[in-house]
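**Student:** the sequence and its predicted three-dimensional model are supplied below.
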Amino acid sequence: MPSLIDFRRRIRSVKNTQQITKAMKMVSAAKLRRAQERVIAARPYAQTMRELLANLTAAAESADDAADSPWLVRREPKRVDLIMFSSDTGLAGAFNSNLMKASVKFYEDHSGREISLTLIGRKGRDFWRKRDARILADHINVLNRPTHADAAAIAKEVIRRYRDGETDAVYILNNEFKSVMSQKLSVSQVLPLAIEGSAPGVQQDYIYEQSPVEMLEQLIPRYVEVSVFRAMLETVAAYQAARMTAMDTASSNAKDVIEAITLHMNRVRQAAITKEIIEVVSGAAAAE
């Protein structure tokens, strides 16, 4: 049976771990506030841009030069690009494991097609590097301080591949931030631009000074960059929320462990004291 010194060492060790988890929770909470502000600011811009492009695409499809635009071509998706966002570090509960399961399911749903991966985050890269996957590029440590320039660099190759006909569709897989306790897995199609979300009542009849096809040539690459940038911000906010929740749970579990060990230690100490008293009393009775 462990001695009292062993119990005290165990309690001290768990308390030290609890201090670390509490500190990590506070750091994640501070980072989450900043990340949440950036996500909330980016969402309206991305949504408005998508609505604008939906109207513009509808107008461009009826233009005379629509056949010359690579953005309006609907090809059979035999080759698919997936941009997957994960974190560079762990200690965030099931944040990354859910992403890995979703990426595996994406492969199953698109079986028979050639899938090329662009991986953002160390965890996703390490997962798919061990498997037979076609990895176009991986980007590590860009989520520490995500910028639009980073998003543009990530999207550049994907945009080129779609324009040149090397891929038929582009998807983004990431965790979207909903609340501190909730993150939502999202698989969204970026290219070709899906217009199913634009109902006739949403579409506006604009008069374009430029040809809609020429405007698409300028705006769709920008739209892909914005989509990647928003996914980066969503991933950072969702990760910090998941990490804060995980560290809060770890701190609570550490408290329960300390209470359980303390209770066990007191019982052992009480049993030892009782045993010593019985031995003293027995010795005194034997001496009489």
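**Tutor:** All right, it came through fine.

**Student:** could you use CA atoms for every contact and neighbour count after this?
**Tutor:** Will do.

**Student:** ok, residue 141 - contacts?
**Tutor:** 88, 121-122 (C-alpha atoms under 8 Å, 6 or more residues apart in numbering).

**Student:** can I get these in TSV with secondary structure, distance to residue 229 and neighbour count?
**Tutor:** Formatted as TSV, those follow (DSSP: H, G, I helix; E, B strand; the rest coil; distance: C-alpha to C-alpha, whole Å; neighbours: other C-alpha atoms under 10 Å):
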residue	secondary structure	distance to residue 229	neighbour count
88	coil	17	20
121	coil	14	22
122	helix	18	18
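
**Student:** and the residues you listed, which is closest to residue 69?
**Tutor:** Taking C-alpha to C-alpha as the measure, residue 69 lies nearest residue 121 of these, at 33.2 Å.

**Student:** so the closest one makes contact with residue 88?
**Tutor:** Yes: counting by C-alpha atoms under 8 Å, residue 121 does reach residue 88; the two are 4.8 Å apart.

**Student:** who touches both of those two?
**Tutor:** Contact criterion C-alpha under 8 Å, 6+ apart; residues shared by residue 121 and residue 88: 140-141, 143.

**Student:** where does the prediction get shaky in the stretch 51-200 of the chain?
**Tutor:** The stretch 51-200 of the chain contains residues with pLDDT under 70 at 62-68, 194-200.

**Student:** quick one: the strands in it?
**Tutor:** Applying DSSP state E, counting those that start in this stretch to the stretch 51-200 of the chain gives strands spanning 79-85, 114-120, 134-139, 169-179, 182-191.

**Student:** could the ones you listed go into a markdown table alongside distance to residue 21?
**Tutor:** Formatted as a markdown table, these follow (distance: least, C-alpha to C-alpha, whole Å):
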| stretch | distance to residue 21 |
| --- | --- |
| strand 79-85 | 25 |
| strand 114-120 | 26 |
| strand 134-139 | 28 |
| strand 169-179 | 21 |
| strand 182-191 | 20 |
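
**Student:** buried deepest among those strands, which one?
**Tutor:** strand 79-85 (a mean of 24; mean count of other C-alpha atoms under 10 Å).

**Student:** orientation of that one relative to strand 134-139 in degrees?
**Tutor:** Angle between the axes of strand 79-85 and strand 134-139 is 30 degrees (criterion: axes from the mean of the first three to the mean of the last three C-alpha atoms, to 10 degrees).

**Student:** what angle do strand 79-85 and strand 182-191 make?
**Tutor:** Using the same axes, to 10 degrees: strand 79-85 against strand 182-191 is 150 degrees.

**Student:** what lines up beside strand 79-85 in the sheet?
**Tutor:** strand 114-120 (parallel), strand 169-179 (parallel) (DSSP bridges).

**Student:** list the contacts of the longest one.
**Tutor:** Just to be clear, that refers to strand 169-179. 77, 79-86, 95, 99, 103, 158, 162, 183-192, 228, 231, 234-235, 237-238, 241.

**Student:** run the last query once more with 7 Å
**Tutor:** With C-alpha atoms under 7 Å, 6 or more residues apart in numbering as the contact definition, strand 169-179 has outside contacts at 77, 79-85, 183-192, 231, 234-235, 237-238.

**Student:** picking up where we left off before, out of the strands of the stretch 51-200 of the chain, which is closest to residue 273?
**Tutor:** The closest of those to residue 273 is strand 182-191. By C-alpha to C-alpha, the value is 50.2 Å.

**Student:** average pLDDT across the helix or strand following that closest one?
**Tutor:** Remark: after strand 182-191, the chain's next helix or strand is helix 212-287, criterion DSSP states H and E. Averaging pLDDT along helix 212-287 yields 88.

**Student:** now for helix 212-287, which elements pack on it?
**Tutor:** If contacts are counted by 3 or more C-alpha pairs under 7 Å, 6 or more residues apart in numbering; DSSP states H and E, helix 212-287 sits against helix 4-60, helix 148-163, strand 169-179.

**Student:** please identify which of the ones you listed is closest to residue 270.
**Tutor:** Nearest to residue 270 among the helices and strands packed on helix 212-287 is helix 4-60; the distance by C-alpha to C-alpha comes to 11.0 Å.
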